[in-house]
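Student: Fold the following and give me the result.
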Amino acid sequence: MKTIFKYELEIKDKQTLELPLDHRILSVQNQNGKLCLWAAVESEDTFKTNRTFRVFGTGNTDDDLEFYFGGDMEYISTVQLQFLVLHIFVEI
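Tutor: Numbering: from 1, shown residues only. As a prediction, this is how the structure comes out:
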């Protein structure tokens, strides 16, 4: 039976989260000023995989953003925090 879990992301350029192997990312949103990711998983007690997330701020330039257009990253969501608009990607 699938369950939806929440994982907190940091507001930094690149980070890795350990997620259950069978996860499906649903959304990333602001919850009380924190960047939170929700994923559906079969069980938290299963094999894990490392997923690398990238956070780009609006107006920031980064050569790595070119990887998105080359197919190396998948867009997840845009999140608005108090004075920031962040665009969240996961490396594939």
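
Student: So the residue nearest in space to the middle of the chain versus Phe83, what's the distance?
Tutor: Closest to where the C-alpha atoms of the chain average out (C-alpha atoms, centre = their mean) is Phe53, at 4.9 Å. The gap separating Phe53 from Phe83 is 21 Å, by C-beta to C-beta, to the nearest Å. Any C-beta I mention is one placed from the backbone N, CA and C, and that applies to glycine too.

Student: Same question for Ile25.
Tutor: Counting by C-beta to C-beta, the gap from Ile25 to Phe83 is 26 Å.

Student: Same check on Ile11?
Tutor: In terms of C-beta to C-beta, Ile11 sits 11 Å off from Phe83.

Student: Looking only at neighbour counts, state which of the two leads.
Tutor: Ranked by neighbour count (other C-beta atoms under 10 Å), Ile11 and Phe83 place Ile11 first, with 14 against 5.

Student: give me every residue that touches the closest residue to that one other than its chain neighbours.
Tutor: Closest residue to Ile11 apart from its sequence neighbours, by C-beta to C-beta, 6 or more residues apart in numbering: Leu35 at 5.8 Å. By C-beta atoms under 8 Å, 6 or more residues apart in numbering, Leu35 lies in contact with Glu8, Leu9, Glu10, Ile11, Val28, Val55, Val79, Leu81, Leu86, Ile88.
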